[in-house]
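[1] using only what follows, build the 3D model:
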Amino acid sequence: MSAQHKAVGDMRLGDHLCLFFDNDEERRSIMADYVRDGVRAGHKVVYISDAVGAPDVLGWLLGEERAVPGAELTEAMEAGHFVVRTAEETFLASGRFDPRESLELMATEIDLALVQGYRGVRIAGEARFSLRRWPGTDQHGDFERMLDEVFMTDDLKAMAICQFDRRWFGAARLADLESCHMGRVRVNDYHDDGTLRITPIFGPPGAELAGVIDAATRPAAERVLESISTRTGLLCLDLGGLTDCDEGGLRLLTRADRPDLGPDRGLLLRAVPPVIAERLRSSGLVALPGVSVEDAPG
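    Now for the predicted structure:
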């Protein structure tokens, strides 16, 4: 089992990764970036949905914020560069799920796309169909293992993300399925310069900070925090990965809720390391209106 957690924007041809999710917005963010990057890279993108058709998948990817340019994906779908199929029409064409038959169909899809001039193929599959007790779906684990072996082949011009909803799959089943993949995919970072990393979190919405906030990294932190604080009434900053934070950084963190945006703003500082928590208290910054602090577990 791989411990690798790769940002979706860092995926390369040959990757076969799993996405375990229990937050639909996090999943949408990852898949929107995956599809958008594929279209822009000249890849054919094949999305295998559990049940819904192309218009619904496209609308879901775009979301209310239109994180993916609508015209770009609509044009890609019309041109056949971005294709949505249901799991039933993909895996049960013969009336039952057959792992080897499914692998052959996938290999044919990849070969055809390369002949058509695509630089690669991106596959994204929703796996909840495997719980529907369709004929043969008890072999879904075997399919994932065989698929992983195929993706380990040298110079395979394809990549894949297999999506598993934690609300449907049990922990033991997920552990087995993870062993059938090269690692997990995660959301792209807002910022990572090797000293400070800022990563989106979705439940509650906000960001996870790791590394050091100092004079050198503070400008980048400020840009990110100001951009994300406009999107939610409650902003959560998980500071569990911070190893140091100077006084300017502390002031930045405690005003990241942007109180000027309205009275319902709120800021939760979560998993605050002991040293940083003490600095916040001694400076009086935790007494600011709307600021709550949760210390890191002992």
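[2] stretch 48-64: which residues count as buried?
    48-50, 57-58, 61-62 (16 or more other C-beta atoms under 10 Å). C-betas here are computed from N, CA, C, even on glycine.
[3] so can I have CSV of these showing distance to H191 and pLDDT?
    Shown next, in CSV, are the buried residues of stretch 48-64 (distance: C-beta to C-beta, whole Å; pLDDT from 0 to 100):
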residue, distance to H191, pLDDT
I48, 32, 95
S49, 32, 94
D50, 34, 89
V57, 30, 92
L58, 29, 90
L61, 24, 90
L62, 24, 84
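[4] quick one: which of the residues you listed is nearest A160?
    I48 (9.8 Å; C-beta to C-beta).
[5] element containing the closest one, please.
    I48 is part of strand 43-49 when elements are defined by DSSP states H and E.
[6] and that strand, which strands flank it?
    The sheet places strand 43-49 alongside strand 82-86 (parallel), strand 120-126 (parallel), with pairing taken from DSSP bridges.
[7] what's the most buried one of the ones you listed?
    Of the strands paired with strand 43-49, the one with the most neighbours on average (mean count of other C-beta atoms under 10 Å) is strand 120-126, at a mean of 23.
[8] just the strands in the stretch 151-298 of the chain please.
    In the stretch 151-298 of the chain, the strands defined using DSSP state E, counting those that start in this stretch lie at 158-165, 183-186, 191-192, 196-202, 205-213, 234-245, 266-272, 291-295.
[9] pLDDT at the residue lying closest to S283 once chain neighbours are set aside, what is it?
    Once flanking residues are discounted, S283 sits nearest to L250: 6.3 Å by C-beta to C-beta, 6 or more residues apart in numbering. pLDDT, L250: 93.
[10] pretty sure L250 contacts A277?
    No. Contact between L250 and A277 fails when scored by C-beta atoms under 8 Å: they sit 10.5 Å apart.
[11] only C-alpha atoms, please: export stretch 85-101 in PDB.
    Output in PDB follows, covering the C-alpha atoms of stretch 85-101 (Å, rounded to 0.1, in the frame of the first residue of the first chain):
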ATOM      1  CA  ARG A  85     -20.700   7.700 -19.700                       C
ATOM      2  CA  THR A  86     -22.700   6.000 -17.000                       C
ATOM      3  CA  ALA A  87     -21.100   3.000 -15.200                       C
ATOM      4  CA  GLU A  88     -24.000   0.800 -16.500                       C
ATOM      5  CA  GLU A  89     -23.300   1.500 -20.200                       C
ATOM      6  CA  THR A  90     -19.600   1.200 -19.600                       C
ATOM      7  CA  PHE A  91     -19.300  -1.900 -17.500                       C
ATOM      8  CA  LEU A  92     -22.500  -3.900 -18.100                       C
ATOM      9  CA  ALA A  93     -22.800  -3.800 -21.900                       C
ATOM     10  CA  SER A  94     -22.800  -7.600 -21.900                       C
ATOM     11  CA  GLY A  95     -25.300  -7.800 -18.900                       C
ATOM     12  CA  ARG A  96     -22.700  -8.400 -16.200                       C
ATOM     13  CA  PHE A  97     -19.500  -6.900 -14.900                       C
ATOM     14  CA  ASP A  98     -16.500  -8.700 -16.200                       C
ATOM     15  CA  PRO A  99     -13.100  -7.400 -15.000                       C
ATOM     16  CA  ARG A 100     -11.100  -8.600 -18.100                       C
ATOM     17  CA  GLU A 101     -13.800  -7.400 -20.500                       C
END
